[in-house]
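[1] Have a look at this fold, sequence not included:
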């Protein structure tokens, strides 16, 4: 009788262990674990780069950062449009490694440039904008690649487990700058992140091979429709957007959200101006670490219960009301610890509560409208809102000479309006669902 080999025994044990967490077949194990590792590395690299970027902002005036956010808006719209064109002309199997290889090379060039010049202000500003452009692509391209790898029958079973890799990477990534930025410096953090991104390229090659050898999904391919949310002209659905009061309401909700985000971000970057860049990187990374940890806890234990028991109007308004109270507190105590706490509440609340609830709103419109309007909201409204609100903050501080406390009170008023729009949208969604059931 043939004795089982050690490799087959270990594979069987691993399959049994994974089977307790996810419904997985033996031939799916290697591809699933490799996909988990891929998104883990990707998110870890991004969350190393993010605090490095945000730490730079305190070196610049409000007007300078506002200009950078303006450049980010235009570069983001151009980059997404170019990517949409590339999707239709380049084989997707070649496009994915090319995207990550291109960004890896760009970050290595930024690192080399910082080592060769003493006057690095222009390089730092270009890096600041480029990380924001990278943030548009890294996760979207990954999930499009997953859609090209796994079948429709496999996706519901496996994508939840693979997505946990993103959450794990989002926890591991900020831990590196939190604990090591002070000793190794922010430039070396960029080098570490670039090294992690390099690892994604062989993982992509391995997964493309496993698609044939293990999954036997030769017939699975990403189509044009699957890529609409990351490609194409972001203005193509603008007519549908402005003619639909419900979508306009969602756009206003996003615009008010970006207002609060901009105000809190600018207040924090100004309060951190007296810290060194390494210390700022550690503070921003620590916030990412706490935010991502809280997001997991809230998403697991709070969000679903809140939406089902309290309803969508309450869910959409809950975070804005918390932020309104927090901004009133900032107006009385404009210190770093209070603004840091507010930033953590805002971001964790968005990721765990507001964002999922906001995505639910799109279930009340048809698929064609959803895919045409979503790029307008995600790019034009979101990034445009960042740009406009940055200049609004600059106008309040530099133009009118308002202090942080007075600006926080303005933000509290905006948060109140944000909550009101959330209640309106939640009720509209609820009424649409009731009408559908009645019909």
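    Done, it's in. Since we're looking at a predicted model, the values are computed, not measured.
[2] which stretches of the stretch 1-150 of the chain have low pLDDT?
    Where the stretch 1-150 of the chain drops to pLDDT under 70, the residues are 1-22, 84, 87-88, 92.
[3] Quick one: the helices in it, in order.
    6-19, 29-56, 62-89, 92-116, 121-149 (DSSP state H, counting those that start in this stretch).
[4] Would you mind finding the most buried of those?
    Greatest average neighbour count among these goes to helix 29-56 (a mean of 23), per mean count of other C-beta atoms under 10 Å. Heads up, the C-betas are built off the backbone N, CA and C, glycines and all.
[5] can you tell me which of the helices of the stretch 1-150 of the chain comes nearest to residue 203?
    helix 29-56 (4.6 Å; C-beta to C-beta).
[6] Direction-wise, compare that closest one with helix 92-116 and give the angle.
    30 degrees (axes from the mean of the first three to the mean of the last three C-alpha atoms, to 10 degrees).
[7] In terms of secondary structure, what does helix 29-56 contact?
    helix 6-19, helix 121-149, helix 155-184, helix 186-213, helix 277-298 (3 or more C-beta pairs under 8 Å, 6 or more residues apart in numbering; DSSP states H and E).
[8] what angle sits between it and helix 277-298?
    Using the same axes, to 10 degrees: helix 29-56 against helix 277-298 is 130 degrees.
[9] Same list (the helices and strands packed on helix 29-56) but as CSV, adding distance to residue 419.
    Shown next, in CSV, are the helices and strands packed on helix 29-56 (distance: least, C-beta to C-beta, whole Å):
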stretch, distance to residue 419
helix 6-19, 42
helix 121-149, 27
helix 155-184, 27
helix 186-213, 37
helix 277-298, 18
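[10] Go through the helices of the stretch 1-150 of the chain and name the closest to residue 385.
    In terms of C-beta to C-beta, the element of the helices of the stretch 1-150 of the chain nearest to residue 385 is helix 62-89, at 9.1 Å.
[11] could you give the angle of the closest one to helix 92-116?
    Using the same axes, to 10 degrees: helix 62-89 against helix 92-116 is 150 degrees.
[12] Show me what helix 62-89 packs onto, helices and strands only.
    Here helix 62-89 touches helix 92-116, helix 121-149, helix 245-271, helix 382-394, going by 3+ C-beta pairs under 8 Å, 6+ apart.
[13] repeat that with 7 Å
    Helices and strands touching helix 62-89, by 3 or more C-beta pairs under 7 Å, 6 or more residues apart in numbering; DSSP states H and E, are helix 121-149, helix 382-394.
[14] Taking helix 382-394 as reference, get the angle to the longest one.
    Helix 121-149 runs at 150 degrees relative to helix 382-394, counting by the same axes, to 10 degrees.
[15] re the thing from before, tabulate the helices and strands packed on helix 62-89 (a markdown table), appending distance to residue 301.
    Formatted as a markdown table, the helices and strands packed on helix 62-89 follow (distance: least, C-beta to C-beta, whole Å):
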| stretch | distance to residue 301 |
| --- | --- |
| helix 121-149 | 24 |
| helix 382-394 | 28 |
